[in-house]
Structures are given as structure tokens and as C-alpha cells.
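Engineer: Whatever this is, show me its structure:
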Amino acid sequence: MSEFMLLHIDLASEVIDQQELSMDFLQEWIGGKGLGTRLLLDEVDPLIDPFDPQNKIIFVTGPLIGTSFPTANRYGILFKSPLTGTYAETYSGGSVAINMRSAGFFGIVIEGRSENPIYLCLAEGDVNFYDAGDLWGKDTFEVETILQQRHGSSAGNSSNVICIGPAGENLVRFACVQNDLYHSAGRCGAGAVMGSKNLKALVFRGNYRTNLQEKPSFKALTREIMKKISNNPQVYGKHGNFQRTGTIGVVDWTNELACFPTRYFTSCQSQFKDNYDAEAMLKILVAHEGCRRCPFPCGKLVKVPDGPFSCKVMGPEYETVAAFGGICDIHDINAIAKINEYCDRMGLDTISAGNLCGLGIEANQRNRLSLEFPANYNDPKGILRVLDDITYRRGIGNFFAEGITRVAQHFQLEDLAMHVKGLEFAGYDPRAFRGFALSYGVAPEGATHLRSCLYATEIHEPDRFSYENKVDKLIEAEDRMAVLDSLIVCKFLRGVLDWDALCHIYSVIFDQPIEIPELRELAGRVITLSREFNIVAGFGRRDDYLPDRVYLEPLFDKHGIEINLDREKYDRMLDEYYSKRGWTQDGIPIIS
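Structural biologist: Numbers count the residues shown, from 1 in each chain. From the prediction side, this is the model:
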């Protein structure tokens, strides 16, 4: 069996096709994001309706998956988003990516629509189609449990199921894909694309092992990276940031630096943050868990044993806390955990879900809705009812299931809705940044924090509010994240994977030396391809601006200092960004 097999599946005809990816091709695109972006541009019409049966959804792994390399446990999904209409990518950890590779597949391209609900079992390079009628309507926890019992585990790994919940079945445009119970490929609506194809789940089984694991140079590389991790105990150690509190520790510094989105972006700090910060989470913690082959597990299994918010869930992660504790102003970590569990079961992206609930609450308070919105700030029970209405498309939930752009247009809330290209803001108010604000604008899928992760470095810079010298830093960060997502490894490893380390990893994988400029050129090609997809889909410079509120409505930190963005200065940064990317001043890539 080839080490790099690409599988094509047509769900309508149940025809499968396999092709071996050449090393020359992979040296150019690596895998993960690079491979998926190339396939998306080659195989998907940017103008196609995302729910058209001929649309395709692409699952990808990376060359490190299936090895002992730390955090090599992730898969990606690339697709045209039903939420935004743009290029879209989303990633998830856990252990299922290892099983995907063990089944013999490096990437999977799925098109067509099954007449009836189905799931796929991919094993030892083969594909079997199964009726999913008994699974349709069940939540993701139920589906994974049933399919694990039905098909067993694979190669000793804990999970081998990717599935959608009722939200995906009902084509909620921000439905996500779940695996390992609590892990979400969350943003942009991949779950809705699967639902549109009547595809409930994928199951992976196999014992394939990559040859990379046996190379002496790879074993030396892994030892080197592990040493770098161990030399940074404050971040990666047993008592470090990730292992002690996980991502929820971010709550403290986003509040301190006045970028914590509060009461639907009308404030940048919350007086109630102690109710749901890391110390509050530790009171309901039952276990520290992490993705497979991760030396610094950041997952926090929490349990609320009784009461109205009884639940057991991994998290809540920072983004979920920001969405519901901040944007929806819920003051109870137990309630946020319950909402997190509900979203995981139904297959809802918590960032979009929290943003939409916050928009509904704020619009209702301003008397801007023609229908009653049945929730308020700090109203977890009401928000749970709204989420249920969204999942099953009842009442006003049917409108909000369509995502923020369509909600804003229907209820005339364009001046209030906070998004870029139809993707709601992540848990960092961009008014508190300059380079990261531009990152929200130029990211092809919209306001994602993961395109550059620049917020994590910009907060330490003394010129955080300056518009100067930000574009080069943004481009470097985008390029480096593109390589991490092509390999695919966890972005939390970015603290040790500098450009020299990435070049070393590339040279070991492909037995081909590479210098930093060459690797950055590769990353730039991938980023430009995603831009090309959007340009053909009808997006342009006008879509790279943030909503008017961030320019016109300043926030004030606890010291009374005004925080906002200057549109003219943002505009100049955008000019500089296009120029340095080699694009026209309209943001159109120049094809040589």
C-alpha cells in the first residue's frame, strides 16, 4: 500500500477511486492545509452552492500523522463554507487522525449525495457503505458509542469515528464535525456539508504504519523537539500553563488587556470573570486529558454532578467561555460547561453559537427584532432553549441557524452584527490590536483567530496600539501557521517550532534540504491559493474590512483609556499587506 494514498468517494454512485500522491507533489504542498487547499482549488468550483451534491468535502492528514512526533494527532477538513461562501478550513485533534492514516489514507475527497443516510467504514485501503437510518437523529456521543461497539477500536487507539449531530443533519450553517466525543472541527459549517450529503459518520480501521517512523533522522528529530519542549516548563511542563489550566487561563489576560468580548462587544472586560476563569474551572475538574501523543495535555475533563447543569464534558475551552461567559454574559462555569456539552452533542460550533445568541440578546434589548428572542444576558436556560431551537430549526431559531450574515440581513442588523465575511469574531476584540485586527480582515474564511495566532505575540509588544511595523509580523505569522497546518501539528507547539525547526522537519520528511525563504515561499503559495478561491467566488477588498462598529464605537478599559480602530490607518495596513503578498491593490493575486 502506498504511503500517500488519496481516496475519492462518490456517495451517489458509491464509486471509489484511489491515486498515489507523488513525492514531487507533496514536496510542493506537504499535506494538510497545503494539500487540501490545492485540491479545493483544483476540484471545487468556487461558485458552487455549498449544499450542491457535486460540492466536495476534503479530509486531510499530514506526513507526521502516525508517527511519534509530539502533537501529530490532527486532521483537517477543507470545503466551501455554507456559512460564509468562502474557502474554509477547520482542524481537530484527539486520536482519530491517527486511525485515518492507519486505515491507509492520506487524504479523502467526498462528493455526491446519498439517497438515504449512510456512514462509511474505511479499513485497510477499502471502503464500505452502511445504512445510517438508525443513527440519523442521534447526538454525536450516541453515534460514536454505537459505532465503537459495532466496529471496535483500531490499532489500540481510543477513537476512530468522525460524525455529525442533529445540527449537521438539519443543515445549520455553522454545524461542526465531532470526534473523540469532545473534539470539534468547529468553524465554517463542515458538519452542514456532511449533512447535505446524508453522510452521518466515517469510521476508520487499520494497521498501516508510516515508514517515516523508522528513519534514524526522524528519531533524532523527535528527541530534539521533545528536548525543546522540556526546556520550556513554564509553558509545557507539568505545572505549566497548558497542563495546569489549559486554554481557559487566557480569560485572565484578555480581561487585563481589555480584549475580552463582553455583552456582545459593548464592553472589553467582565467584572464576573472570576466565576468562569481557570480557578473556577479547577473546582469542577475531574481529570487532565489530552490528545494522543501529546506531551503537554491541555484538555480538562470537568463534571457537574447534579443540579440543572449536570454534565460531563472536556472543557470549556477559552473560546467557549468567551462566547458564552463573555458575549452572552453568563456568570456560572457550571452553566457554561452544560452549554458546551449540549453544543458538542448536537454538533454546533460554540464560537458561532455564542455570537449568534449574543447578537439576538443585544438586538432584542435594543428593540431591533420583529420576533421575540427567548433569552437574555446571564440566562443560561434561555440560551439552551435558543440553541435547541437553532438545532431543530424552530421559530426564531430557524433564522439564526442560517448564520450571522443572513440573520443581519433579515432583521436589518448589519450595523450591529460583528463578523468578517460572515464568520463571527473569535474571543478577542480586535479593537485592542492592530496586526491581529488586520488578520481578522484578510483571513480567507473571515474572523478566525487561528489564521495567524498573532494575538499571542502582539499582546507582549509595547507598541500594541501602533499601526506601524505590523504587516511583516502578520505575514510571517500567517506563513508559519500555514506550515504547521500543512504538517498538521498542534498550534500550541508554535513556541518551539521556529523556522529553523520547520526546515529541519521538512528535510527529514522528504530527504530534501530546504532553506527558510523556500519554505516561506511554499507557505505563501498556499495562502495565495486560498485568496484565488475567494476572488473567483466573488470576494474582494471590500470584504477585508471589519464591521463599522470597531471603527465607530470605542471601548474603554478599566483605566478609562479609549480603545478603537482607525479605518484610514487600517486601510493603509491593508495596502501594505496586499503589496507584500504580491497582490494588486484590489487584493487580487498576480498570476505569473
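
Engineer: Domain map for the chain?
Structural biologist: With domains defined by automatic domain parsing, the chain comprises 5-211, 246-424, 430-581.

Engineer: Quick one: the ones you listed as TSV, columns for mean pLDDT too.
Structural biologist: Listed next are those as TSV, based on pLDDT from 0 to 100:
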stretch	mean pLDDT
domain 5-211	95
domain 246-424	97
domain 430-581	95
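
Engineer: Which of the ones you listed sits closest to residue 236?
Structural biologist: Closest to residue 236 of those, according to Cβ to Cβ: domain 246-424, at 4.1 Å. Where you see a C-beta, it was placed from the backbone N, CA and C, and this is true even at glycine.

Engineer: got the residue ranges for the helices in the stretch 51-200 of the chain?
Structural biologist: Ranges of helices within the stretch 51-200 of the chain are 96-102, 140-151, 166-169, 190-196, based on DSSP state H, counting those that start in this stretch.

Engineer: quick one: which of the ones you listed is nearest residue 240?
Structural biologist: helix 96-102 (24.5 Å).

Engineer: Let me see the residues that make contact with that closest one.
Structural biologist: With contact meaning Cβ atoms under 8 Å, 6 or more residues apart in numbering, helix 96-102 is reached by 59, 61, 65-66, 72-75, 108, 122, 154-155, 157, 159-162, 179-180, 183, 204-210, 292-293, 488.

Engineer: CA atoms only for that helix, dumped as PDB, please.
Structural biologist: This file holds the C-alpha atoms of helix 96-102, laid out as PDB (Å, rounded to 0.1, in the frame of the first residue of the first chain):
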ATOM      1  CA  VAL A  96      -9.000   9.800  15.100                       C
ATOM      2  CA  ALA A  97      -6.400  11.300  12.600                       C
ATOM      3  CA  ILE A  98      -4.000   8.500  13.600                       C
ATOM      4  CA  ASN A  99      -6.700   6.000  12.700                       C
ATOM      5  CA  MET A 100      -7.400   7.700   9.400                       C
ATOM      6  CA  ARG A 101      -3.700   7.200   8.500                       C
ATOM      7  CA  SER A 102      -3.800   3.700   9.900                       C
END
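
Engineer: Sort out which residues of that helix are buried, please.
Structural biologist: Across helix 96-102, burial judged by 16 or more other Cβ atoms under 10 Å covers 96-102.

Engineer: same question, stretch 271-284
Structural biologist: Of the residues in stretch 271-284, 273, 275-278, 280-281, 284 count as buried by neighbour count, 16+ other Cβ under 10 Å.

Engineer: Switch the domains of the chain over to a markdown table, and while doing so, append distance to residue 237 to every line.
Structural biologist: Formatted as a markdown table, the domains of the chain follow (distance: least, Cβ to Cβ, whole Å):
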| stretch | distance to residue 237 |
| --- | --- |
| domain 5-211 | 14 |
| domain 246-424 | 8 |
| domain 430-581 | 12 |
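
Engineer: one step back: which of the buried residues of helix 96-102 sits closest to residue 460?
Structural biologist: Residue 460 has its nearest neighbour among the buried residues of helix 96-102 in residue 97, at 31.5 Å by Cβ to Cβ.

Engineer: Apart from its chain neighbours, what residue comes closest to the spatially most central residue of the chain?
Structural biologist: Nearest to the mean C-alpha position of the chain, by Cα atoms, centre = their mean, lies residue 90 at 4.2 Å. The shortest distance from residue 90 to any non-neighbouring residue, by Cβ to Cβ, 6 or more residues apart in numbering, is to residue 185 (4.3 Å).
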